[in-house]
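Q: Take a look and give me a structure for this.
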Amino acid sequence: MKILHVFRAPVGGLFRHVRDLATQQAKAGHDVAIICDSLTGNAMADAALKTMHQQAGISIQRLPIPRLPGVHDLAAQRKIRTLAHTHAPQIVHGHGAKGGLHARLAARSLGAKAIYTAHGGSLHYSWKSPHGAIFLGVERLLLKRTDGLIFVCDYEKRTFDEKLGIRGCPSTVIHNGLSAGEFTIQPPLPDARDLLFIGELRMLKGVDVLLNAMALLRAQGRPLSAMIVGHGPDRNSFVTQAEKLGLSDVIEFPGAMPAAKAFPMGRIMIVPSRAESFPYVVLEAQAAGKPVIASDVGGIGEMLPREMLVPPDDAEALAGLIARTMDDPQMQARAIERMKQLKTRFSIATMADRALAFYESLIGA
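A: Numbering: from 1, shown residues only. As a prediction, the model looks like this:
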């Protein structure tokens, strides 16, 4: 097959998903191309895209694709259609709200099948807000131009159906996967902190909830330490909060780094998000043999045991589960057993095979 993936920013979990999916498809012998934004990303993104081109033969095209809707989208759509015609794909797979918009508009002019994966995107909005009504309204209109929907978790499919209605459009749930090499135990370093957070430093990710939980534990006689890995717009707010709570001496903010490098820096992974879809970091941490505690949001419950989940925005519940986990003598053994169970359920090969089978079913139909 000739497959074109369209998305906006080459960053985060969405990019990781597309990178793995496209590379696996190319290795399986398909002709794969990518169109993404040239305004976002960093040196790591540039290197990843270059590797995809050099090692998997994937065509990479980048052009300005603004995040917010506007007149610039018209120019972007014209360029995307021109590039798409050059590749002449049978499948145009859009990822995220903006990628899904451009992919589905371009597919019609190509006579190709239009596939959409939301990755959260517009689904985070509500019909009750002005912006949400606009974004969700556009999504509803675009359903008429959609030949198939792929969701990364059951939660995303339920949310899509509740807010927009699937309306008989062919759909499937395909969980994200990891490579076999990522299922490798990464024991904590001798000087590892008790707790580890990896992610974007913004309020949505709940770092403030983690800090409040640590303050509660310190008041109970448990002065735990933490490594807060990442960067983002609310970093200074979290640093100030740590100072006010008297935690500056036990918390380190080293900046962003690859998750694999960060995993040995902490003993228990904490994911205190207020909202998520199906975050890779939860899978990656378990594949590294780390105990993981997370908020019960999005599709996290589809890959983590119920006993390791807490309500979002609840520092007291988070503190209690951290304490119980640290007191569990079988904590590490349970994490390693969990890693073995996940290895067969969440693999890149399975993810790619199921996506290709879905494409083929639509082409055949």
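Q: what domains does the record give for the chain?
A: Partitioning the chain according to automatic domain parsing yields domains covering residues 2-177+347-364, 181-345.
Q: Export the ones you listed to CSV and append columns for mean pLDDT and mean neighbour count.
A: Backbone N, C-alpha and C define where each C-beta goes, glycine included. Formatted as CSV, the domains of the chain follow (pLDDT from 0 to 100; neighbours: other C-beta atoms under 10 Å):
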stretch, mean pLDDT, mean neighbour count
domain 2-177+347-364, 93, 18
domain 181-345, 95, 18
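Q: How about T23, nearest residue that isn't a chain neighbour?
A: Distances taken as C-beta to C-beta, 6 or more residues apart in numbering place A56 nearest to T23, at 4.8 Å, with adjacent residues excluded.
Q: Quickly list what the closest residue to A180 other than its chain neighbours is bridged to.
A: In space, not counting the residues next to it along the chain, A180 is nearest to S347; the distance is 7.0 Å by C-beta to C-beta, 6+ apart. Beta-bridge partners for S347, by DSSP bridges, are L178.
Q: cool, and I60?
A: Beta bridges link I60 to I34 when assigned by DSSP bridges.
Q: Any figure for the gap between it and S38?
A: Distance, I60 to S38, by C-beta to C-beta, to the nearest Å: 10 Å.
Q: same thing with E162?
A: Remark: distance between E162 and S38 (C-beta to C-beta) = 35 Å.
Q: and if you look at A335?
A: Noted for A335: a distance of 40 Å to S38, by C-beta to C-beta.
Q: what about the residue of the chain most remote from its centre, is that helix, strand or coil?
A: Relative to the C-alpha centroid of the chain, counting by C-alpha atoms, centre = their mean, G221 is the outermost residue, at 35.7 Å. With DSSP: H, G, I helix; E, B strand; the rest coil as the basis, the three-state label of G221 is coil.
Q: what's near enough to touch it?
A: For G221, no contacting residues are found, by C-beta atoms under 8 Å, 6 or more residues apart in numbering.
Q: Was I right to think M265 contacts P190?
A: No. Counting by C-beta atoms under 8 Å, M265 does not reach P190; the two are 11.1 Å apart.
Q: Okay, strands next: where are they in the stretch 151-300 of the chain?
A: For the stretch 151-300 of the chain, applying DSSP state E, counting those that start in this stretch gives strands covering 171-173, 193-198, 226-229, 251-255, 266-271, 292-295.
Q: JSON lines for the ones you listed, including distance to D147?
A: Compiled in JSON lines, the strands of the stretch 151-300 of the chain are given as follows (distance: least, C-beta to C-beta, whole Å):
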{"stretch": "strand 171-173", "distance to D147": "11"}
{"stretch": "strand 193-198", "distance to D147": "36"}
{"stretch": "strand 226-229", "distance to D147": "40"}
{"stretch": "strand 251-255", "distance to D147": "42"}
{"stretch": "strand 266-271", "distance to D147": "34"}
{"stretch": "strand 292-295", "distance to D147": "34"}
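Q: Go through these and name the closest to G12.
A: With respect to G12, and counting by C-beta to C-beta, the nearest of those is strand 193-198 at 12.1 Å.
Q: Who are the packing partners of the closest one?
A: Here strand 193-198 is seen to pack against helix 207-219, strand 226-229, helix 259-262, strand 266-271 when contacts are counted using 3 or more C-beta pairs under 8 Å, 6 or more residues apart in numbering; DSSP states H and E.
Q: give me every residue that touches T350.
A: For T350, the set of contacting residues under the criterion of C-beta under 8 Å, 6+ apart consists of G177.
Q: quick one: it from R8, how far?
A: With the distance defined as C-beta to C-beta, T350 ends up 26 Å from R8.
Q: ditto for S273
A: For S273, the distance to R8 (C-beta to C-beta) stands at 21 Å.
Q: and if you look at Q55?
A: Between Q55 and R8 the distance, using C-beta to C-beta, works out to 24 Å.
Q: same question, A107
A: A107 sits 17 Å away from R8, taking C-beta to C-beta as the criterion.
Q: all helices of the stretch 251-365 of the chain, in order?
A: Listed in chain order, the helices of the stretch 251-365 of the chain (DSSP state H, counting those that start in this stretch) span residues 259-262, 280-287, 315-327, 331-345, 348-364.
Q: Export those helices as CSV, with columns for distance to H102.
A: Below are these laid out as CSV (distance: least, C-beta to C-beta, whole Å):
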stretch, distance to H102
helix 259-262, 29
helix 280-287, 24
helix 315-327, 39
helix 331-345, 32
helix 348-364, 19
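Q: Which one of these lies nearest to G232?
A: When those are ranked by proximity to G232, the top entry is helix 280-287, at 14.0 Å, counting by C-beta to C-beta.
Q: Show me what the closest one is packed up against.
A: Packing partners of helix 280-287 (3+ C-beta pairs under 8 Å, 6+ apart): helix 12-27, helix 259-262, strand 266-271, strand 292-295, helix 331-345.
Q: want to throw these into CSV with distance to Y359?
A: Conversion of these to CSV gives the following (distance: least, C-beta to C-beta, whole Å):
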stretch, distance to Y359
helix 12-27, 9
helix 259-262, 29
strand 266-271, 32
strand 292-295, 32
helix 331-345, 22
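Q: Which stretch among those approaches S248 most closely?
A: Of the helices and strands packed on helix 280-287, the one closest to S248 (C-beta to C-beta) turns out to be strand 266-271, at 17.5 Å.
Q: by contact count, what packs against the closest one?
A: When contacts are defined as 3+ C-beta pairs under 8 Å, 6+ apart, strand 266-271 packs onto strand 193-198, strand 226-229, helix 280-287, strand 292-295, helix 315-327.
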